[in-house]
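Colleague: Sequence and predicted model, in that order:
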Amino acid sequence: MADRQVEQDAAFPNSKSEAYLYGAHSAAVPAGWSCGRHLHHRMFELNLVLEGTQLADIGGIPYRQEEGDLLLVPPMRLHSYRSEASLRYFVLHVQLDDPAFLQRLGDSGLLLVDRGHPLNRKLVAAVKTLHERMAQKASRIRLYRALYEALDLLEGELDRLLPAPGEPDESRSLPVRIAREIETLVAGHGDEDREKEENWFETIARRLGYSRRHCYRTFMDAYRMSPRDYLFVLRQQEAMHLLLSGGDSLERIARRIGYDNVQSFIRQFSKWTGTTPGQFRKMRRDELVYLTRLEVR
């Protein structure tokens, strides 16, 4: 009997998806607690108040977050928190290999999903399920199923708020490319020639094939901060990680993030944090669990 030829109805592309959960924790904090200004360069944050009231600042805009209110903080958005009374919260950072989703989340303006928001009931329930499964040390499949259920709810809301995503254009892709170049500069692992350049942004613009002015304006429009501000935020956060995660000398850390003179690094670090690197190193590591480690791929 002759083989019958198979007629293929459709061919679908191979697909791979990765999600990384970072710095997930719940905590009870006293009145006067604060979480300093920081950002997550490739992750977005889910921040849920379980009890009490949290005062947040996202991109310079204040928010009052009551019990049951959820904050969504997109990548590249400076934010900080504080409390005037005791507070319990749950926070989770999610890294996805889906730049279109992350871009739409930033474009949507969907930040505070309070109890009056139509999305609140279902999305908060999904986030609480994530919290419970982490506390129960559930299997990875059950944990990530809960995560993707929350992401599915979010994507549905983004579909409602924004038109369907089209082909990426320069105004969307160029800021991301500039940010990656700055991240590479900070994560240069001792590439002193690059880190010593006075005209580092001019060099980045030239490498990308655009003028410095155009790159500066495009970056500002996308992220509401200057490239130099982003460089300094990354240096600050990377210095914090290096101080708490290993035994490198201050001289080595200073060179690692782009300072030739250790005294210049100490002065700048004190301006950033209000404490010297040596004093900062004595802090408990879990006090900075919210910071995202700088990765360059």
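Modeller: Good, I have the coordinates. Please read all numbers here as calculations on a predicted model, not as lab measurements.
Colleague: List the contacts of the one helix or strand Val124 maps to.
Modeller: Applying DSSP states H and E as the criterion places Val124 in helix 120-135. By C-beta atoms under 8 Å, 6 or more residues apart in numbering, the surrounding residues in contact with helix 120-135 are 24, 26, 46, 48, 68-70, 90, 92, 113-114, 142-143, 146-147, 149-150, 153-154. In short, each C-beta sits where N, CA and C put it, glycine included.
Colleague: same thing but at 7 Å, please
Modeller: 24, 26, 46, 48, 68, 70, 90, 92, 113-114, 142-143, 146-147, 149-150, 153-154 (C-beta atoms under 7 Å, 6 or more residues apart in numbering).
Colleague: tell me which residues in it are buried?
Modeller: Neighbour-count burial for helix 120-135, counted by 16 or more other C-beta atoms under 10 Å, picks out 120, 123-124, 126-131, 133-134.
Colleague: about what we covered before: can you select the buried ones among the contacts of helix 120-135 for me in PyMOL?
Modeller: Buried residues among the contacts of helix 120-135 (16+ other C-beta under 10 Å), as a PyMOL selection:
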select buried, resi 24+46+48+68+70+90+92+113+114+143+146+147+149+150+153+154
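Colleague: show me where pLDDT drops low in the stretch 51-200 of the chain?
Modeller: 165-171, 189-198 (pLDDT under 70).
Colleague: following the strand or helix carrying Ala222, which helix or strand comes up?
Modeller: Remark: Ala222 resides in helix 212-223, with elements defined by DSSP H and E. Toward the C-terminus, helix 212-223 is succeeded by helix 227-245 as the next helix or strand (DSSP H and E).
Colleague: quick revisit: and the helix holding Val124, C-alpha only, in PDB?
Modeller: The C-alpha coordinates for helix 120-135 follow below in PDB (Å, rounded to 0.1, in the frame of the first residue of the first chain):
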ATOM      1  CA  ASN A 120      -9.100  44.900  40.700                       C
ATOM      2  CA  ARG A 121     -11.200  42.000  42.000                       C
ATOM      3  CA  LYS A 122      -9.900  39.400  39.500                       C
ATOM      4  CA  LEU A 123      -6.300  40.600  39.300                       C
ATOM      5  CA  VAL A 124      -5.900  41.000  43.100                       C
ATOM      6  CA  ALA A 125      -7.300  37.500  43.500                       C
ATOM      7  CA  ALA A 126      -4.700  36.200  41.000                       C
ATOM      8  CA  VAL A 127      -1.900  38.000  42.800                       C
ATOM      9  CA  LYS A 128      -3.100  36.600  46.200                       C
ATOM     10  CA  THR A 129      -3.000  33.100  44.700                       C
ATOM     11  CA  LEU A 130       0.600  33.700  43.600                       C
ATOM     12  CA  HIS A 131       1.400  34.800  47.200                       C
ATOM     13  CA  GLU A 132      -0.300  31.700  48.700                       C
ATOM     14  CA  ARG A 133       1.400  29.300  46.300                       C
ATOM     15  CA  MET A 134       4.800  30.800  47.100                       C
ATOM     16  CA  ALA A 135       4.000  30.500  50.900                       C
END
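Colleague: Alright, that wraps it up for me.
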